[in-house]
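J.: What would the 3D arrangement of this be:
(one chain, ligands or ions: 1)
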Amino acid sequence: MNEKWAALEVYHERTKSSGISDLFDRDPMRFDAFSVTFGDMLLDFSKTSIDPTSRNLLVDLAYAAKIEQKRDDMFAGLAINQSEGRAVLHTALRNLEGEPVYVDGIDIMPGILSNFESAKMFTRAVRNGEISASDGAPFTDIVNIGIGGSDLGPAMVTRALTPYHDGPRCHFVSNVDGAQISDILDLLDPERTLFIIASKTFTTIETMTNAQTAKDWAQAALGEKVKHHFAAVSTSLEKTAAFGINSEYVFGFEDWVGGRYSVWGPIGLSVMLAIGPEAFTEFLLGAQDMDTHFQTAALHQNMPVMLALVGIWHNNICGYGSRAILPYDQRLARLPAYLQQLEMESNGKRVDVDGNLISRNTSPIIWGEPGTNGQHAFHQLLHQGSRIVPCEFLIAARSHEADLDKHHQLLLANCLAQSEALMRGRSHEEVISILCEKGVTENLDSAAAHRTFPGNRPSVTLLYKKLSPRTLGRIIALYEHRVFVEGAVWGLNSFDQWGVELGKELASDLLPLIGSEEDLDERNGSTGGLLRTVAKLRQ
Ligand SMILES: O=P(O)(O)OC[C@H]1O[C@](O)(CO)[C@@H](O)[C@@H]1O
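T.: Numbers count the residues shown, from 1 in each chain. The predicted model follows:
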């Protein structure tokens, strides 16, 4: 591996002074050569500094990292999540033909398909009113209570697929901050509301606290009938029973589905309730399409592999430490937050699978907002700031609002303009000539300096026909596999998350000290000082 990294570094050093625009001058077919298509999706990475040589070196790096073998091991159910001794099989949740997948010698597909059937039956029954509220009337509102992967996936997908909603309204409560559940409960009628407690472990303190608050709220109005208003999704059936959830309303899954990869299974129940089992099946088929592409396409035409290699080029070779996710698609407003968990919880690691320190940077910092809002907020920094941030634009060729197509044309024009402006920039000389044409003569150099755009700033664009359930399934699976490939190249385990544990432990130690001024001597000066001040301010 080391010589592959070195070859990339040396090549970058030798070529870094030439600009991205020059690459287009040299190769008029660059767009075709540096984009990957899959169905009606296109990933354009021609507006990066990757050229034919660096692309070959990146693909060599992927081969040297044994990407294909690692990918096949994941799909085959090997325990690749070594620190937790588990297989990683979110892909089995969208293996709708039921091709056998073995974990410890047992085919898990019959169980997955039967759980899927139960979730579909439950969904149909809730949507047609056969499963009803305790007074026999249909549920109008669903509240998914979960956090992390038990919230971000369903919340992001439900919002993204708003045009397909024909079921009850869905709400999402994740934060332990009582403000969130309070604001949502204020909108709801307990008689008409079904709560889904979504937690893989059923121990997460935020979710358990919100679940109990919801139960107390519903019980106050419904008394004993409250049990008709709660369902659960979890790997721990004992814990859901202990919470008092009717076993017919409990949907189980197995520990080989990681939280941030779980929207495809029962954790997606709220999505299925909103859009119906048929549209949810389309969503799964989209992911399955991408799985097949990832497993079969040659590496240099493989969309997740190339997206990962572009990320590695920017992060490790060019030294750009963050990545902006810019969906020009308002309904993907939660995609950046979803990808923050997917990428940063998966690949925000500093040791490899064997526990050795990794000498390179791993996950970049992921952030972003939908366009065009971001243009009026942080794009200033993207265009003229001192740091270079590779941008990832996502946009549909068509919107769902046929009658508002002029909005969509504007959206498209803005999206394409941003990537072009980032790449092209505007030189000092160009600005001077524009200013002179306008008759500006005073402080010309300084005026031009403020108006100059350095350009040569890289971006990729993911263009798709329309944000349908199938396309969304493809997009999410694309990012999942991209994260997998990046993690595999760095040699880390993308499927554990030990980094969240210390904070959880300290929070439970600190809980009894909130509001107290005693026994603070053992805390560090800052935490002790903050606790004392909290106690004073709470008086
Ligand atoms: O579904 P659970 O078990 O409540 O966990 C919620 C989230 O907490 C984490 O374990 C840690 O933040 C995530 O990986 C997970 O998605």
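J.: Show me what counts as buried in stretch 283-290.
T.: 283-284, 286-290 (16 or more other Cβ atoms under 10 Å). C-beta coordinates here come from the backbone N, C-alpha and C atoms, glycine included.
J.: tally of neighbours for the residue nearest to Arg192 when sequence neighbours are not counted?
T.: Residue nearest to Arg192 in three dimensions, not counting chain neighbours: Thr140, with 4.3 Å by Cβ to Cβ, 6 or more residues apart in numbering. By other Cβ atoms under 10 Å, the residues close to Thr140 number 15.
J.: What separation do you get for the residue of the chain positioned farthest from its centre and the ligand?
T.: Distance from the C-alpha centroid of the chain peaks at Thr441, with 49.9 Å (Cα atoms, centre = their mean). Look at Thr441 and the ligand: by Cβ to the nearest ligand atom, to the nearest Å, they are 59 Å apart.
J.: ok, now which ones touch Glu254?
T.: 89, 103, 108, 111, 235 (Cβ atoms under 8 Å, 6 or more residues apart in numbering).
J.: and which of these is nearest the ligand?
T.: Thr235 (8.1 Å; Cβ to the nearest ligand atom).
J.: Just list the residues touching that closest one, thanks.
T.: Taking Cβ under 8 Å, 6+ apart as the test, what Thr235 contacts is 200-202, 252-255.
J.: Next, it: phi, psi?
T.: phi -90, psi -10 (degrees, to the nearest 10).
J.: which stretches of the stretch 101-250 of the chain form helices?
T.: Per DSSP state H, counting those that start in this stretch, the stretch 101-250 of the chain carries helices over the ranges 109-128, 152-160, 178-185, 205-222, 237-242.
J.: tell me the most buried of these?
T.: helix 152-160 (a mean of 25; mean count of other Cβ atoms under 10 Å).
J.: Tell me the residues on this protein that lie near the ligand, please.
T.: Within the chain, the positions adjacent to the ligand are 146-150, 199-201, 204, 207, 259-260, 345, 497, 500 by Cβ under 6 Å from any ligand atom.
J.: now do 8 Å
T.: Neighbours of the ligand within the chain, by Cβ under 8 Å from any ligand atom: 146-152, 198-204, 206-207, 234, 258-260, 262, 267, 341, 345, 497, 500.
J.: Nearest to the ligand: which residue in the stretch 401-539 of the chain?
T.: For the stretch 401-539 of the chain, Cβ to the nearest ligand atom, closest residue to the ligand: Val500, 4.1 Å.
J.: tell me which residues of the helix or strand bottoming out on mean pLDDT in the chain are tucked away?
T.: Sorting the helices and strands of the chain by mean pLDDT, DSSP states H and E puts helix 525-537 at the bottom, at a mean of 91. Buried residues in helix 525-537, counted by 16+ other Cβ under 10 Å: 528, 531, 535.
J.: and the closest residue to the first one other than its chain neighbours, how many neighbours does it have?
T.: To tie it back to what came earlier, the one meant is Gly528. Distances taken as Cβ to Cβ, 6+ apart place Leu520 nearest to Gly528, at 4.3 Å, with adjacent residues excluded. If you count neighbours by other Cβ under 10 Å, Leu520 ends up with 16.
J.: ok, now which ones touch Leu520?
T.: 513, 528, 531-532.
J.: Can I get the contacts of Thr235 in JSON lines including pLDDT?
T.: Formatted as JSON lines, the contacts of Thr235 follow (pLDDT from 0 to 100):
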{"residue": "Lys200", "pLDDT": "92"}
{"residue": "Thr201", "pLDDT": "93"}
{"residue": "Phe202", "pLDDT": "95"}
{"residue": "Gly252", "pLDDT": "92"}
{"residue": "Phe253", "pLDDT": "87"}
{"residue": "Glu254", "pLDDT": "89"}
{"residue": "Asp255", "pLDDT": "92"}
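J.: can you give me the strands in the stretch 1-150 of the chain?
T.: 35-38, 41-44, 102-103, 106-107, 141-145 (DSSP state E, counting those that start in this stretch).
J.: Mind putting the ones you listed into JSON lines with mean pLDDT?
T.: Converted to JSON lines, these look like this (pLDDT from 0 to 100):
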{"stretch": "strand 35-38", "mean pLDDT": "98"}
{"stretch": "strand 41-44", "mean pLDDT": "98"}
{"stretch": "strand 102-103", "mean pLDDT": "96"}
{"stretch": "strand 106-107", "mean pLDDT": "96"}
{"stretch": "strand 141-145", "mean pLDDT": "98"}
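J.: Strands along the stretch 151-300 of the chain, start to end?
T.: Taking DSSP E, counting those that start in this stretch as the criterion, the stretch 151-300 of the chain carries its strands at 169-173, 193-198, 230-234, 250-252.
J.: Make CSV from these and add mean neighbour count to it.
T.: What follows is the strands of the stretch 151-300 of the chain, written out as CSV (neighbours: other Cβ atoms under 10 Å):
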stretch, mean neighbour count
strand 169-173, 22
strand 193-198, 27
strand 230-234, 26
strand 250-252, 20
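J.: would you list these in JSON lines and tack on distance to Phe294?
T.: Putting the strands of the stretch 151-300 of the chain into JSON lines (distance: least, Cβ to Cβ, whole Å) gives the following:
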{"stretch": "strand 169-173", "distance to Phe294": "29"}
{"stretch": "strand 193-198", "distance to Phe294": "27"}
{"stretch": "strand 230-234", "distance to Phe294": "27"}
{"stretch": "strand 250-252", "distance to Phe294": "27"}
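J.: In contact with the residue nearest to Arg192, which residues are there?
T.: Contacts of Thr140 by Cβ under 8 Å, 6+ apart are 168-169, 189, 192-193.
J.: any idea which of those is closest to the ligand?
T.: Thr193 (20.8 Å).
J.: The closest one is in contact with Val143, isn't it?
T.: Yes - using Cβ atoms under 8 Å, Thr193 is in contact with Val143, at 6.2 Å.
J.: For the residue nearest to Pro138 when sequence neighbours are not counted, give its distance to Ala119.
T.: With sequence-adjacent residues excluded and distances taken as Cβ to Cβ, 6+ apart, Pro138 is closest to Gly129, at 3.9 Å. Distance, Gly129 to Ala119, by Cβ to Cβ, to the nearest Å: 18 Å.
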